[in-house]
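**Q** Task: produce atomic coordinates for the following.
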Amino acid sequence: MLLRVIFNKDDIRKIQIDLPETLEEFFSLLKCKLGVEDDLIVQYEDRDFDNELCNLTNLADLPEGRATLKVTVKNAIESYHTDSTSDTASLASTPSREDISTRRKHWPEVFQIPRFSYDVELHLKRGNEAYQKDGTLLNIRKDTKSEILDTLAEKMYEYTAYPSREEYDSVAQSLIKTHPCLREPGSSKGWYCWKFSLKFKMGNYRNKLRMAGCSELQVNSRSSGPKQKLKRAKKAEVNFLPDFPDGRTEDVLEEERLQIIGEMKKKRADMKKIEEMMVSTFSLRRKQIVEEEPPVAEVKMKWPALFTEQQIGAEFTRITSVDLTQSFFTGLDQHLPRLLTFYRTKTERSPELKKLLLKLESDNSNRMKRAITLRGLPYFLSEDPSKFLRTVEATEPEESMARDMNVGILLINDGEDLLDMTVVLEDQIILHDIKDFSKAVAMLMGLLYVLNIDYPVELRYTFEVIQKVLMNIGADHCSARVHGLRNRLLRKTE
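**A** Here you go, the predicted model:
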């Protein structure tokens with residue numbers, strides 16, 4: 001169904017949705033599409049009254065095919081106490097079009113419980129007062145519990161579609177801490193059943209959004225064919241598979257993609273124009289890369305602008321909301337001294353580490369320290385980097401230099417001199433003319449995110465350390481080995 005949604009005279013949007021069965025699902029879908037958390041007042045143009053506005057109370061009242069809606073956002077508690085205009089509430093709560101289809105933040109350290117509707121908040125307030133007085137627990141009604149879970153599921157989805165076990169725990173714990181009257185009498189922790197209710201509700205919420213056309217969830221729709229691996233964020237991506245911006249179809253975005261190719265062929269490409277089109281076509285690019293899993297060569301042909309250092313960094317930020325080079329080099333410089341100290345304690349068992357550390361005797365610059373820290377990390381973690389890092393001579397045929405190299409960095413020497421440093425993916429040189437090893441690793445990390453490529457199995461701990469320890473992305477979900485190293489690095493004394 002095609003909807004013309006009016007927030008105010010300066011904010012009118014066109015959105016396409018599949019009409020659900022119930023009014024409640026329609027409001028949830030509308031809030032998801034518009035990026036709104038609070039309750040909505042939805043009015044439609046009623047043809048029985050010459051298109052005058054009437055409150056929407058039944059989906060059957062909507063005309064077939066297309067409709068015009070007037071939508072205002074209300075904060076239930078504030079609207080109970082004040083008579084602020086709906087236009088003002090709308091302006092304060094409505095994000096930009098880009099915000100609607102993309103996430104902006106990672107899972108918080110402390111999950112903040114959102115405000116519920118006025119009657120639920122009032123019910124909880126009385127329950128908390130009784131609990132503080134004599135420890136009485138709230139006898140919660142079924143509809144109240146359902147609203148609490150619905151609101152929490154929507155809030156959780158702002159951060160991730162697939163919360164981890166620890167994240168479910170944090171929400172349940174925060175709920176009980178904020179509203180102690182909701183503690184469970186039969187649970188030692190007081191929130192165990194809330195956790196499982198949240199899992200069930202989150203599954204239902206995902207199913208609603210999947211049926212409504214949410215790209216991030218539709219990609220994992222069940223089919224009668226062979227079972228496929230779940231396509232979901234594995235490296236703490238914030239915007240793994242965003243929906244198309246409102247009012248923009250796949251055909252429109254495809255035209256912009258072709259314009260980018262045309263602009264890149266010019267001798268003096270308009271980089272500002274390319275940047276704007278790369279931002280607007282982000283959702284199309286992610287759809288193609290995540291759903292179709294094309295070879296890197298095909299992606300490079302379709303999206304040539306993506307394979308520049310500037311756009312690798314920009315795309316990485318769009319996916320993770322983190323600055324690529326800043327997070328990489330800040331974390332590397334922070335942990336570099338202690339990592340080198342750890343390396344020195346292992347030189348007797350690792351001749352490779354000893355050989356690398358000897359280079360610092362002739363060149364003790366920060367640039368060299370960075371390179372040695374990164375090159376030594378696999379040896380320190382007892383992994384084999386032979387398939388990842390390769391040194392060749394410039395006289396070798398170019399087609400053989402990167403052969404059988406799926407993910408890695410290629411050092412091209414001219415005798416004793418380093419002539420070039422390149423990033424290799426799927427047997428192809430993707431980036432070249434890089435003079436700094438740490439910069440090459442940073443660009444490789446960016447490309448693995450941008451192209452949705454898994455870390456090499458033989459170096460899974462090395463890349464996990466780079467991501468979760470050095471760059472501090474998804475640091476709360478480390479393997480036991482990486483968690484132990486992170487704790488050692490963060491201790492003030494060893």
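
**Q** Could you measure from residue 373 over to residue 342?
**A** Look at residue 373 and residue 342: by Cβ to Cβ, to the nearest Å, they are 10 Å apart. Where you see a C-beta, it was placed from the backbone N, CA and C, and this is true even at glycine.

**Q** Residue 173 now?
**A** Distance from residue 173 to residue 342, by Cβ to Cβ: 34 Å.

**Q** Ok, residue 400 next?
**A** Counting by Cβ to Cβ, the gap from residue 400 to residue 342 is 37 Å.

**Q** who's more crowded, those two?
**A** Counted by other Cβ atoms under 10 Å, residue 400 and residue 342 do not tie: residue 342 has more neighbours, with 17 against 9.

**Q** Downstream of the helix or strand harbouring the more buried one, the next helix or strand is which one?
**A** Secondary structure assignment for residue 342, by DSSP states H and E: helix 324-344. Scanning forward in sequence from helix 324-344 by DSSP H and E, the next helix or strand is helix 351-362.

**Q** Let me see the mean pLDDT of that next one.
**A** Taken as a whole, helix 351-362 has a mean pLDDT of 92.

**Q** Pull that helix out as CSV, backbone CA atoms only.
**A** Extracted in CSV, the C-alpha atoms of helix 351-362 (Å, rounded to 0.1, in the frame of the first residue of the first chain):
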residue,chain,number,x,y,z
PRO,A,351,62.0,-17.3,17.0
GLU,A,352,59.8,-15.4,14.7
LEU,A,353,58.9,-12.9,17.4
LYS,A,354,62.6,-12.6,18.4
LYS,A,355,63.5,-11.8,14.7
LEU,A,356,60.8,-9.2,14.5
LEU,A,357,61.8,-7.5,17.8
LEU,A,358,65.4,-7.2,16.6
LYS,A,359,64.3,-4.8,13.9
LEU,A,360,63.5,-2.3,16.7
GLU,A,361,67.2,-2.1,17.5
SER,A,362,68.0,-0.3,14.2
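
**Q** List the buried residues in stretch 380-392.
**A** Within stretch 380-392, the residues that count as buried by 16 or more other Cβ atoms under 10 Å are 380, 381, 383, 385, 388, 389, 390, 392.

**Q** Distance check, the first one against residue 482.
**A** If I follow you right, that is residue 380. 12 Å.

**Q** Could you do the second one as well?
**A** Per Cβ to Cβ, residue 381 is found 8 Å from residue 482.

**Q** Overlap in contacts, those two.
**A** 461, 465 (Cβ atoms under 8 Å, 6 or more residues apart in numbering).

**Q** now the residue nearest to the spatial centre of the chain: how far from residue 449?
**A** Per Cα atoms, centre = their mean, the C-alpha nearest to the average position across the chain is that of residue 238, at 1.1 Å. To residue 449, residue 238 is 11 Å away according to Cβ to Cβ.

**Q** Now the common contact residues for the two.
**A** In terms of Cβ under 8 Å, 6+ apart, residue 238 and residue 449 are both contacted by the residues 319, 320.

**Q** quick one: low-confidence ranges for the stretch 201-350 of the chain?
**A** Scanning the stretch 201-350 of the chain for pLDDT under 70 picks out 220-230.

**Q** repeat that for 90
**A** Residue ranges of the stretch 201-350 of the chain with pLDDT under 90: 201-248, 267, 269, 291, 321, 347-348.

**Q** At which residues are the helices of it located?
**A** Listed in chain order, the helices of the stretch 201-350 of the chain (DSSP state H, counting those that start in this stretch) span 215-218, 250-264, 271-280, 282-292, 296-302, 309-320, 324-344.

**Q** and what of the stretch 51-200 of the chain?
**A** Counting by DSSP H, counting those that start in this stretch, the helices of the stretch 51-200 of the chain are 76-81, 86-93, 97-101, 118-134, 142-157, 165-178, 192-212.

**Q** and residue 299, which of the ones you listed is closest to it?
**A** helix 97-101 (21.0 Å; Cβ to Cβ).
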